[in-house]
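Student: could you work out the structure for the sequence below:
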Amino acid sequence: MSRLARPTNDRMIGGVCAALARRFHTSATTMRVIFLLSCLLPGPQFLLYIALWILLPSEGKAARTAW
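Tutor: Next up is the predicted model:
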């Protein structure tokens, strides 16, 4: 599996779905559709997205961090 970092060139909003798509070897569009469909279910999807946006390093910064 690849390291989890938000890419700089495949972002729509924050790059979280693109980072998850790279991690699980699927397309970013597929991951975005899965996220949008999950928003129809009750739960903290938006809070999780915002938390990942804050916690995941950007691709340029990920080379300098340990994880």
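
Student: from here on, contacts and neighbour counts on C-alpha atoms
Tutor: Will do.

Student: which parts of the chain are strands?
Tutor: For the chain, applying DSSP state E gives no strands.

Student: just the helices in it please.
Tutor: 16-23, 28-38, 45-55, 59-62 (DSSP state H).

Student: can you tell me which helix or strand of the chain has the lowest average pLDDT?
Tutor: Across the helices and strands of the chain, mean pLDDT, DSSP states H and E gives its lowest value to helix 59-62, namely a mean of 69.

Student: which residues does the most centrally placed residue in the chain contact?
Tutor: Centroid-nearest residue in the chain, with CA atoms, centre = their mean: Val16, separated by 1.9 Å. Neighbour list for Val16: Arg6, Tyr49, Leu52, Trp53, Leu56 [criterion: CA atoms under 8 Å, 6 or more residues apart in numbering].

Student: most neighbours of all those residues, which one?
Tutor: Arg6 (26 neighbours; other CA atoms under 10 Å).

Student: can you pull up the bridge partners for that one?
Tutor: Ser58 (DSSP bridges).

Student: wait, isn't it in contact with Ala21?
Tutor: No. Using CA atoms under 8 Å, Arg6 is not in contact with Ala21, being 10.2 Å away.

Student: picking that back up, let's have the helices of the chain in CSV, adding distance to Asp10.
Tutor: As requested, the helices of the chain are exported to CSV (distance: least, CA to CA, whole Å):
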stretch, distance to Asp10
helix 16-23, 6
helix 28-38, 8
helix 45-55, 14
helix 59-62, 11
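
Student: weakest of those in terms of mean pLDDT?
Tutor: Of all the helices of the chain, mean pLDDT reaches its minimum on helix 59-62 (a mean of 69).
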